Structures are given as structure tokens and as C-alpha cells.
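**Student:** return a 3D structure for these sequence lines:
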Amino acid sequence: MINFSVGVILPSAGCSERFGVPIPKQYYEVLGKPLFLYALEEFNRLQWVKKIVLVVDNPEHVQGLLEESPSSKEKVSVVQGENTRHRSIRAGMQALQKNENNLKVVIVHDAARPLVPSKLVEELVVAAEEHGAAGAIRPLVSTVLQASSDGFLDHSLDRSKNVSSETPQAFQFDILSTAYSKCSDEELDTGTECLQLALNHTGVRARLIEGPPDLWKVTHKKDIYAAVGCLRGKYLIYTYGFEFYILFYVLPEKTNQVCIMSSEENETVKLLAETLESKVSTVQCVVTTADATRFTSRETFNTVVLFHLHEIDQDNQLLDFAAMLDIDHQGLIIHVIEHTNADGMQSMSVYDLHRSGRNMAKHYEKLHKGVVVIHCLTPGEDRRLAELVSSLILSDAATFSGQTLFL
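**Tutor:** Okay, the predicted model is just below:
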């Protein structure tokens, strides 16, 4: 558990020579917003991150982009970058030093890396607090060769003994500050590795932690297609005699807090909890009949999933339990109605069911919450139902609020 203050430096001042597009890659729009905003928003969600410094080539332009973004800007400062990576990071450190938040650890992460695995970030911060520095790594995919000055092979590195350095990286604040205060102009002009800088000037050997495959950096234009693919998910559901394709935009590793409530234990709840366990920060399952006398919740949830045995307005006990929860004002509430006998729905049109869902959404809008209703008409679809609910939880709640889905 992290019980101290952490700062973040996001270098984003490069000119993107290899990107092959007139605008720098950090401003290139991916799924409707500039690339740099993805990393910024992920760090912004972490409660123990107290200050984020965005180091850019054009602060006035970036301030304008931030004003258009709906995310909170209280933690964010924008500073002018310089002409090399190390000089820009040093500018970020100087901005943090003016801050009065008593930061213990500072994270350095490339703004051109849109995916920020929250569990890895937490591991790195804890390791940096203990060892002084920590960095994310990945196994080498290709063998690295060193060429001689005349263009011929000099020697190759043993791939099994070498790794690829990635970001995020984390440092005790004083360690990184000392390293930048002691480094030479040559290091500032030609160096790119913060972990090596800390080793050279403070003697701190960084703890290396292998991260997931999605730590890559957008460097060339073709990398944008990979970014879109990772930030977007696709799911197929079936309605009553029709086939619908729904495209979900998914941001991996969101810090969602999810509460799953049901009147009785069932396989779907178990599968859903297992699916979400590695993708959200909190999953709590509540069986109302079993937990009625001892239910208390000290957590704040932004997503609540209610599995109903009856129609929603007839399920008073489940709704009473849900009312006891502390739900974030931007939360999503998902009602799942498992119909044991679909014949009873023949008299209800899809239009009427959808209109009911829209009316419910209008009510929830007053409370700043989104709502989705899922009618499960086919028994034995536990895994597909769990995957559908999981996809909704990891998507943009505002996009699907008011929808009535059928499985």
C-alpha cells in the first residue's frame, strides 16, 4: 500500500522526426483525443499521485488542449521543455522542487506511451521507495548487434542476458534530483536513460521489474494502429432474433472499483469477479441473503452490478442493499435480469423494454450516474454474460448509459 506522496514527470517535448507526420506525435489524435492525454489521465486517476508535470514544446497550445479535456487538471502543471530528453526531465524535476507536496517518489513516463498498467506502476513505486530506483523492462525480441565504424559487424549481445528498458520508471525524489544536479552537459545532451544516470551519480542500482507487453512507445506512424487496437475492444451480442455488433472503446487497467450484488450465489458472478480481478482495482461480491446481517461497506464504488431474479422494481431487497453503497458520482449501474422463461416476455416489445431503460437513464442522469439494463434470455450463457458485463465495465460509461441489451 502506498501511503506517501508521488509526483509524475511526463516528457512530451519531442519533435517526432521518425513519426513522419507534420504534427508531433504527442498531439496526434487517437480515438478522438491527443495521444499524450491517455497517459496523463491514467496517472491522474491514482489517488497517491499528488502532482503531474507535463513537459512540452508549446505550453500555451497544451494548456488549450487541457481546457478542452473533461478530466481534472488540479494536479497538472505544464512547463516548457528543452531540446533533449534529459534536459526536459530536469525541467520537470525543477518544477516539482517548487511544489510543496513533500513528494517521496517521482515517476518518469513517456507521454507517447498511452498504456499505463496501474499494478506495474504501484510495484515500481514501492520498489523505488525501498531500493532508491526501479524501472520497467521487457525481454529483447531481436538480437542487438554492435557495428564497427566501417559498417561491419563488431559483436553481438547475448539476448538472454540483456533486456529492453521501458517506462514507467520510479525514483526516490532526492535520488533523481541529485543525479540531475551532478550530470554533465554531455550526459544532458546525449543520454536517454534515467536509471543509468542515477547509477552513475548516486550509486543506486535500480530494481528491474518485467512489465506486460503493452509498454511499447509510439515512435512511427504505424504504431498508431497498434495504439488504436489496444485501446479499442470489440464484442458481439445477439438480440431476440437479430444480430448486433457493438464496438466498445476500452481503456485497459482503469482504476475501477466494482461491487457485484446478487440475491443468491451463481456462476456468472464468480466468472465476472475472476475476469475483473486483474483489470480493476477493487472487486467486492455481496450475496444479499447471506450477508444481510453483517453487510457494511467502507469502499467507494464507481460501478455496481445487480443480478436480479425478478423485474427490477420488484427486487426491493437488492435495491435496498445498493442504496447502502457509496457510489462515485460518475458511476455506472448495470442491472442484469436473468429470465428463466423467455416465453413470458413475448408480450413485451423490444421498443418498450428499451424505452423503459431510457426512462431509467434519465432518472439516473440527475444523480450523475449511468445505467445499462441487460436481459439474459438464454440459460447456460454464464461465460458470455460475464464477458459482456466486463466489457461494459471497462468501457466509457457515458457511451452506453441508457442502453438495453439482450443476450
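**Student:** what is the mean pLDDT for stretch 122-135?
**Tutor:** Mean pLDDT, taken over the full extent of stretch 122-135, equals 97.
**Student:** likewise stretch 19-27?
**Tutor:** Rounded mean pLDDT across stretch 19-27 is 74.
**Student:** endpoints of it, how far apart?
**Tutor:** Taking C-alpha to C-alpha, to the nearest Å as the measure, stretch 19-27 stretches 12 Å from start to finish.
**Student:** cool, and stretch 26-35?
**Tutor:** Between the start and the finish of stretch 26-35 there is a gap of 5 Å, counting by C-alpha to C-alpha.
**Student:** now do stretch 256-267
**Tutor:** With C-alpha to C-alpha as the measure, stretch 256-267 spans 22 Å from end to end.
**Student:** which positions within it qualify as buried?
**Tutor:** By neighbour count with 16 or more other C-beta atoms under 10 Å, stretch 256-267 contains the buried residues 256-263, 266. Where C-beta positions appear, they are placed from N, C-alpha and C, glycine not excepted.
**Student:** distance to residue 301, secondary structure and pLDDT for these - can I get that in a markdown table?
**Tutor:** Converted to a markdown table, those look like this (distance: C-beta to C-beta, whole Å; DSSP: H, G, I helix; E, B strand; the rest coil; pLDDT from 0 to 100):
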| residue | distance to residue 301 | secondary structure | pLDDT |
| --- | --- | --- | --- |
| 256 | 9 | coil | 75 |
| 257 | 5 | strand | 81 |
| 258 | 6 | strand | 86 |
| 259 | 5 | strand | 85 |
| 260 | 10 | strand | 88 |
| 261 | 10 | strand | 85 |
| 262 | 15 | strand | 85 |
| 263 | 19 | coil | 79 |
| 266 | 20 | coil | 82 |
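**Student:** pull the most distant pair out of the residues you listed.
**Tutor:** The most widely separated members of these, counting by C-beta to C-beta, are 256 and 263 (23.3 Å).
**Student:** quickly run through the sheet partners of the helix or strand containing residue 374, with directions.
**Tutor:** For residue 374, the enclosing helix or strand under DSSP states H and E is strand 370-376. Paired with strand 370-376 in the same sheet, following DSSP bridges, are strand 326-338 (parallel), strand 404-406 (parallel).
**Student:** could you point out which element follows it?
**Tutor:** Sequence order places helix 382-393 as the next helix or strand after strand 370-376, per DSSP H and E.
**Student:** thank you, goodbye.
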